[in-house]
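**Q** I would like the atomic coordinates for the input below:
(4 chains)
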Protein chains: 2
Amino acid sequence: MPKSLLHPDSDAIQLEQVLHALGDPVRLSIVRQLAAGDGEMTCGCCSVPVSKSTKTHHFRVLREAGVIRVRLEGTSAMISLRRESLDARFPGLLDAVLSAG
Amino acid sequence: MPKSLLHPDSDAIQLEQVLHALGDPVRLSIVRQLAAGDGEMTCGCCSVPVSKSTKTHHFRVLREAGVIRVRLEGTSAMISLRRESLDARFPGLLDAVLSAG
DNA sequence: TTGATTGTTCGATGACAATCGAACAATTGA
DNA sequence: TCAATTGTTCGATTGTCATCGAACAATCAA
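**A** Model (predicted):
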């Protein structure tokens, strides 16, 4: 369904890009919802106050930054946090972000 | 010299605003230079490839986000990292950002 | 007092980013 | 096969942000 589904290698994840990706209220909310549930969730399952197409946009930004992984299954897009990648590349960063009130 | 020099209380520092502030190459560079030296540095001492006025802009963004403190001394602006505030509010965040290669 | 230094403010500009709706594509169930 | 579901793509719009130069303000040294 998507034209291409590129995920950066763990090694290639850029701090600046990650911070930029997380510095948006909609995307931060998405990441928190992913962290709250465990494992994957579908794109549609994620509740944010924007249109379908805008949601697609935000998922792409997060994916290209290396924050989430997107896997296609039928007509659904399964989303998950790239915890291991982020923890390996920027130890403590994700924890700090998620544990912030 | 400045119209107002508002710093948010530690308690009022917003994660999203901090992440947004750090998600810019010029500002991330400023923060790293501040962390490298210890204590304060003057505005002009900070080396970034932008004009004076743009530098002022970035210092304001960082200050309003609660990332840096600005103190006036003569004609100089003394800049410092708000380490304690950030560590108290978002434990581990600054360390994670600074220790990232 | 004059000039140099240091930084801020203002207004304009250009680039990028968030947003939407409409049209499309792919899968799945009836 | 048909319709429903799920998400993507496209084009347009809107708004925000980084950037600059010029003018200004404040301090300090000579």
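**Q** any idea how far the spatially most central residue of chain A lies from B:Asp95?
**A** Within chain A, one residue has its C-alpha closest to the average C-alpha position: by C-alpha atoms, centre = their mean, that is A:Ile68, at 3.1 Å. Plainly put, A:Ile68 is 24 Å away from B:Asp95 if you go by C-beta to C-beta, to the nearest Å. C-beta here means a position set from N, CA and C on the backbone, and glycine is covered the same way.
**Q** just A:Arg63 next, same as before
**A** Between A:Arg63 and B:Asp95 the distance is 26 Å, computed by C-beta to C-beta.
**Q** and the two? which has more neighbours close in?
**A** Counting neighbours by other C-beta atoms under 10 Å in any protein chain shown for A:Arg63 and for B:Asp95 shows that A:Arg63 has the greater number, 21 against 17.
**Q** ok, for that one, nearest residue in space, not its chain neighbours?
**A** Leaving aside its chain neighbours, A:Arg63 sits nearest to A:Val70 (5.3 Å; criterion: C-beta to C-beta, 6 or more residues apart in numbering or on different chains).
**Q** quick one: what helix or strand has the one you found in it?
**A** With elements taken from DSSP states H and E, the one containing A:Val70 is strand A:68-73.
**Q** relative to that strand, what are the paired strands and their orientations?
**A** In the sheet containing strand A:68-73, its partner strands are strand A:76-81 (antiparallel), by DSSP bridges.
**Q** is the strand it pairs with in proximity to DNA strand C?
**A** No: Strand A:76-81 does not reach DNA strand C (C-beta under 7 Å from any atom of the strand); its nearest approach is 8.2 Å.
**Q** got the buried residues for that strand?
**A** For strand A:76-81, a neighbour-count test (16 or more other C-beta atoms under 10 Å in any protein chain shown) marks A:Ala77, A:Met78, A:Ile79, A:Leu81 as buried.
**Q** ok, and what's touching the helix or strand just after it?
**A** The C-terminal neighbour of strand A:76-81 among helices and strands, as given by DSSP H and E, is helix A:83-89. Taking contacts as C-beta atoms under 8 Å, 6 or more residues apart in numbering or on different chains, the residues outside helix A:83-89 that touch it are A:Ser10, A:Asp11, A:Ile13, A:Val18, A:Gly66, A:Val67, A:Leu93, A:Leu94, A:Asp95, B:Ala100.
**Q** tell me what angle the helix or strand that contains the fourth one forms with helix B:15-22.
**A** Right, A:Val18. In the assignment (DSSP H and E), A:Val18 maps to helix A:15-22. Using axes from the mean of the first three to the mean of the last three C-alpha atoms, to 10 degrees, the interaxial angle of helix A:15-22 with respect to helix B:15-22 works out to 140 degrees.
**Q** who are the packing partners of the helix or strand harbouring A:Glu64?
**A** Under DSSP H and E, the secondary-structure element containing A:Glu64 is helix A:52-65. Helix A:52-65 makes packing contacts with helix A:15-22, helix A:25-36, strand A:68-73 when contacts are defined by 3 or more C-beta pairs under 8 Å, 6 or more residues apart in numbering or on different chains; DSSP states H and E.
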